[in-house]
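Visitor: structure for this input, please:
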Amino acid sequence: MTLIDGKVLNILTGANSTQSCPICGASPKQFMSIRDLKSPVFEPKPSTLKYGVSPLHVWIRFLEVRSPEEKNTIKQRKQEIQKNFWEKMGLHINKPKSNGCGSTNDENIANLELFASITNIDIDLLRHFHIILVSISCEFRINFKKFNDFCIDTADLYFNKYDWYPMSATVHKILVHSAQIMEASLVPIGCLGENASEARNKFFKKDRIAHARKNSRSNNIVDVFNRAMDSSDPLLSSICLNNRTKNKLIRRVPHKVTELLELPAVPDNLDVASTSRHEDDDENCSSDDDIGMLSEYSFELEVDIEQDLE
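Guide: Numbering: from 1, shown residues only. Take a look at the predicted model:
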């Protein structure tokens, strides 16, 4: 049950409000008034850590602004920011798509310096957020203790810079509970993203139109469900797997993220010299080796065994 979004998570965990944390139930006021992230108030409710962190939606919602006060001022500032994003970066921000399928918000990784200059957000806080987002999205094992310390440092930076603005439930969930979710998970949380279920939405629409009965809503949903079950068969879904992998955009894992990774255990009898990468091996090495995926992006990681052992 990790292929879900925030609305489903709120229902499963019995959250009282969409602005409250679905993991611990804390309110927005408590997010800012209690600065000790290890406070009993933020203790996760039983069985709420098994639903993952929904990394795809986190990328989209991490810097969303929602405030009913001073609507006109917020609207004007929003229009100014949208105009600057389009003129300087060619990005449409928070505008509805023409086909009615959501908004233009996505997980594009922007130039942080330019992003900070447009939004007037502290560049150090943006760098911390970026490292956290990449960490929870890559498919490598993260050292949850190091990651938790980094999240605490990020929260302190947020409180020092923006104590006047309430922290969103998404930011609170990641800074306070993501390390707990990592510790409770059997696999890296990047492997438990909702990317696959979101990618299926366009197929559901096509199947409802072209491959499902129209004589009743019940029959239509049943036919779409059955077709989804057929197409999810491992044999059928693996037919185009190689092509999909090749089409992914490769991005290097930032150095700060590699520092948070859990190093694999090295056997005592390992011959380091024989496992080191030589120049000849680099020429024959495929760029698709050792990749961790983030939505449409992939992260490639290269580890020097001798350096790690030192």
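Visitor: using the three-state scheme, assign R251.
Guide: Following DSSP: H, G, I helix; E, B strand; the rest coil, R251 is assigned to strand.
Visitor: and K202, by the same measure?
Guide: On the basis of three-state DSSP, K202 is classed as helix.
Visitor: can you pull the pLDDT of it?
Guide: pLDDT recorded at K202 is 85.
Visitor: show me what contacts it?
Guide: Contacts here follow CB atoms under 8 Å, 6 or more residues apart in numbering; on that basis K202 touches nothing. Where you see a C-beta, it was placed from the backbone N, CA and C, and this is true even at glycine.
Visitor: report the separation between it and V134.
Guide: Using CB to CB, to the nearest Å, K202 is found at 26 Å from V134.
Visitor: same thing with D223?
Guide: 40 Å.
Visitor: who's more crowded, these two?
Guide: Between D223 and V134, counted using other CB atoms under 10 Å, the more crowded position is V134 (23 against 16).
Visitor: ok, and what's touching the helix or strand the more buried one falls within?
Guide: Assignment of secondary structure by DSSP states H and E places V134 within helix 123-137. With CB under 8 Å, 6+ apart as the contact definition, helix 123-137 has outside contacts at 53, 55-56, 58-59, 62-63, 109, 112-113, 115-116, 142, 147, 150-151, 153-154, 157-158, 161-162, 174-175, 178, 189-190, 193, 253-254, 256-257, 260, 292-295, 299.
Visitor: domains in the chain, by residue range?
Guide: Domain assignment of the chain by automatic domain parsing yields the ranges 6-192, 200-239, 248-309.
Visitor: just to revisit the earlier point, can you tell me which of the contacts of helix 123-137 are buried?
Guide: 53, 55-56, 58-59, 62, 115-116, 142, 147, 150-151, 154, 157-158, 174-175, 178, 189-190, 193, 253-254, 257, 260, 292-295, 299 (16 or more other CB atoms under 10 Å).
Visitor: where does pLDDT dip in the chain?
Guide: When residues are selected by pLDDT under 70, those of the chain lie in 65-71, 94-110, 249-250, 265-310.
Visitor: mind doing that once more with 50?
Guide: Filtered on pLDDT under 50, the chain yields the residue ranges 272-299, 301-310.
Visitor: what are the boundaries of the strands in it?
Guide: 249-252, 291-294, 297-300 (DSSP state E).
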